[in-house]
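Enquirer: Just the structure for this:
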Amino acid sequence: MFQLTIAERDEVAAFCGHLKNIKYSRELPLAFSEHGALMLANVLNSQRAVEVSIFVMRAFVRLREMLGTHKDLARKLDELEKHVRDHDGHIQTLFEAIRQLMAPPASKQRKIGFNPSEE
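Expert: Numbering: from 1, shown residues only. A predicted model of the protein is given here:
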């Protein structure tokens, strides 16, 4: 069992609607780690305690799976960002080349008529 920090308490209150009242508590709440919940379940011997401990263990397993999924997603997002960053330079070069092609060429034609400065 451990005590939550102020930031952790506020985050729990923000994400868990039924726990929003802990945000205004003067004392920081206590929480169980996964191993602490398992040890508590071993001490309690009622049918209800067994059901709750199974529910808590399933919640921890699901949380661990979600974290693993988010790590994979974060890794893939980083790879995609790297590819896009590499492609940004190439795309910028293409745009510059297109702008150069769109620009009118410099006029090298001589003006028609008599120009006294030319011989």
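
Enquirer: Please count neighbours and contacts with C-alpha atoms only from this point.
Expert: Noted.

Enquirer: following the worst-scoring helix or strand of the chain on mean pLDDT, which helix or strand shows up next?
Expert: The least trusted helix or strand in the chain, going by mean pLDDT, DSSP states H and E, turns out to be helix 34-43, with a mean of 76. Next along the chain after helix 34-43, taking DSSP states H and E as the criterion, comes helix 47-102.

Enquirer: Just give me how far that next one sits from the chain centre.
Expert: Relative to the chain's own centre, helix 47-102 is displaced by 7 Å; criterion: C-alpha atoms, centre = their mean, to the nearest Å.

Enquirer: Packing partners of that helix?
Expert: Helix 47-102 sits against helix 34-43, with contacts defined as 3 or more C-alpha pairs under 8 Å, 6 or more residues apart in numbering; DSSP states H and E.

Enquirer: just for this protein, where's the confidence low?
Expert: 105, 107, 118-119 (pLDDT under 70).

Enquirer: Which residue lies nearest the spatial centre of it?
Expert: Centroid check for the chain by C-alpha atoms, centre = their mean gives residue 74 as the closest residue, at 6.7 Å.
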